[in-house]
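Asks: what shape does this take:
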Amino acid sequence: MRSTLLKSCLTVLFFCVTACGGSPGPQTPAAVDVGEHVQSVLSPPAPPTSGNIVDSTAYLGPVSLPGSVQAQFTTGPQAFSFSFQAPAGKTLRLEVTHLGSSMYLDTGLFVYGPRDAAGSYGTTPVAQDDDSGYGQLSKIATLTLAQGGEYLAVVSTGTGAGKRFRLELGDPASAPASYTLRLGEEALPPDIYALEREAYWGCDGGCDGELHVYAFPWSYAGEPTLAMATRTAQVQQIIADSWLSPTGVIPYADLEPRMEIAYQRLHPALLSTYGNGTEDVQVATYESGYGGGIFRLFVILFPQSHKVVTLWQDHWL
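Replies: Predicted coordinates:
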């Protein structure tokens with residue numbers, strides 16, 4: 001009875017997490033995830049007949065990485081462009097900064113490239129943003145370039161004639177020490193769901209369990225930490241301080257013997273499904289004894305795959 005009541009309460013808590021968090025959609029040319037929200041964007045410069053977007057802009061030369069540049073719009077609409085070199089795999093931040101930009105300026109920010117052998121950047125942006133910066137200024141908080149080469153950054157305005165702007169290119173900012181992840185629950189894929197159901201019924205009255213998987217956006221330098229994941233679990237009441245006590249942090253390899261036998265088949269399946277094969281997967285463990293039983297909660301962070309998996313288990317002695 002106690003287990004059934006506890007499970008019902010946890011189900012309500014997990015439902016609240018799902019309602020509060022939303023799984024972010026993939027980045028597309030129409031929007032860019034900047035870690036706080038997804039913004040619609042200003043219209044990019046019209047594609048020229050040449051097929052090279054630089055011909056629809058006022059090109060002002062190269063910018064170094066890291067570096068910044070300032071310019072002033074003279075008409076509206078207008079678009080200025082700057083080229084920059086970046087190696088493959090480079091992650092950077094582009095921002096029209098409050099410092100150095102005129103008040104009440106509304107900008108759009110676009111990145112094209114890499115430049116091909118014919119000298120063209122193409123006409124399809126690889127990233128773009130409207131109002132993710134200060135006020136109505138633009139910011140692409142994180143952009144990872146799969147290909148090395150020369151790219152084109154374009155700053156545009158529709159009504160900013162006579163206003164100045166400052167474009168800064170640099171490394172992504174580090175996450176604040178108190179940063180809390182935004183978890184959006186995902187449906188279990190069929191194979192994981194089948195294993196979870198098999199384990200649930202395989203407990204045969206001696207145990208119970210529940211598995212949840214969450215994705216989260218990440219727009220900062222470095223990797224998220226397990227402390228961020230557990231802090232989020234506390235804020236969203238996945239971890240209830242009144243009845244759960246932390247029992248340590250373990251590597252993922254040490255999780256299997258702590259799982260109920262019926263659930264151990266999930267151990268390699270979760271790693272192969274949600275891990276990328278190289279990331280350091282860590283697990284925070286929690287435990288509470290009550291009524292002759294033991295309740296355990298595992299909070300598992302996949303730091304590069306941007307997933308948090310929670311597995312709770314109830315064992316009756």
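
Asks: shouldn't residue 192 be within a helix?
Replies: Yes - when DSSP: H, G, I helix; E, B strand; the rest coil is applied, residue 192 is found to be in a helix.

Asks: tell me the pLDDT at it?
Replies: Looking at residue 192, its pLDDT stands at 97.

Asks: surely it touches residue 268?
Replies: No - using C-beta atoms under 8 Å as the test, residue 192 is too far from residue 268 to be in contact (11.4 Å). Any C-beta I mention is one placed from the backbone N, CA and C, and that applies to glycine too.

Asks: neighbour-wise, which of these two wins?
Replies: residue 192 (19 against 10; other C-beta atoms under 10 Å).

Asks: how about the contacts made by the more buried one?
Replies: Counting by C-beta atoms under 8 Å, 6 or more residues apart in numbering, residue 192 touches 211, 213, 266, 269, 270, 273.

Asks: how about residue 233?
Replies: Here residue 233 is in contact with 239, 299, 308, 310 (C-beta under 8 Å, 6+ apart).

Asks: could you do residue 286 as well?
Replies: 239, 244, 245, 246, 247, 296, 297, 298, 299.

Asks: need those in TSV with distance to residue 96, pLDDT and neighbour count, can you?
Replies: Below are those laid out as TSV (distance: C-beta to C-beta, whole Å; pLDDT from 0 to 100; neighbours: other C-beta atoms under 10 Å):
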residue	distance to residue 96	pLDDT	neighbour count
239	40	74	21
244	45	82	18
245	48	89	11
246	43	91	14
247	48	94	14
296	49	92	20
297	44	93	23
298	43	96	20
299	38	96	24
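
Asks: could those residues be laid out in CSV, adding distance to residue 95 and secondary structure?
Replies: Output for the contacts of residue 286, formatted as CSV (distance: C-beta to C-beta, whole Å; DSSP: H, G, I helix; E, B strand; the rest coil):
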residue, distance to residue 95, secondary structure
239, 35, coil
244, 41, coil
245, 43, strand
246, 38, strand
247, 42, strand
296, 44, strand
297, 39, strand
298, 38, strand
299, 33, strand
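
Asks: what is the end-to-end distance of stretch 177-193?
Replies: The first and final residues of stretch 177-193 sit 35 Å from each other (C-alpha to C-alpha, to the nearest Å).

Asks: which parts of that stretch are buried?
Replies: 179, 180, 181, 182, 183, 184, 185, 188, 192 (16 or more other C-beta atoms under 10 Å).

Asks: and stretch 257-265, average pLDDT?
Replies: Mean predicted confidence for stretch 257-265 is 94.

Asks: now do stretch 163-175: everything it contacts.
Replies: Contact with stretch 163-175 is made by 63, 65-73, 82, 84, 91-97, 99-102, 104-105, 107, 109, 137, 141-142, 153, 155, 157, 219-222, 224, 228, as judged by C-beta under 8 Å, 6+ apart.

Asks: so for the closest residue to residue 70 other than its chain neighbours, what's the pLDDT?
Replies: Using C-beta to C-beta, 6 or more residues apart in numbering and skipping the chain neighbours, the partner closest in space to residue 70 is residue 166 (4.7 Å). Looking at residue 166, its pLDDT stands at 97.

Asks: okay, and residue 213 sits in which element?
Replies: strand 207-215 (DSSP states H and E).

Asks: who does that strand touch, helix- and strand-wise?
Replies: Judged by 3 or more C-beta pairs under 8 Å, 6 or more residues apart in numbering; DSSP states H and E, the packing partners of strand 207-215 are helix 2-20, strand 184-186, helix 190-202, strand 307-316.

Asks: repeat that for 6 Å
Replies: On a contact count with 3 or more C-beta pairs under 6 Å, 6 or more residues apart in numbering; DSSP states H and E, strand 207-215 meets strand 184-186, strand 307-316.

Asks: just the buried positions in that strand, please.
Replies: Buried-residue list, strand 207-215, by 16+ other C-beta under 10 Å: 207, 208, 209, 210, 211, 212, 213, 214, 215.

Asks: who does the last one bridge with?
Replies: Beta-bridge partners recorded for residue 215 (DSSP bridges): residue 184, residue 307.
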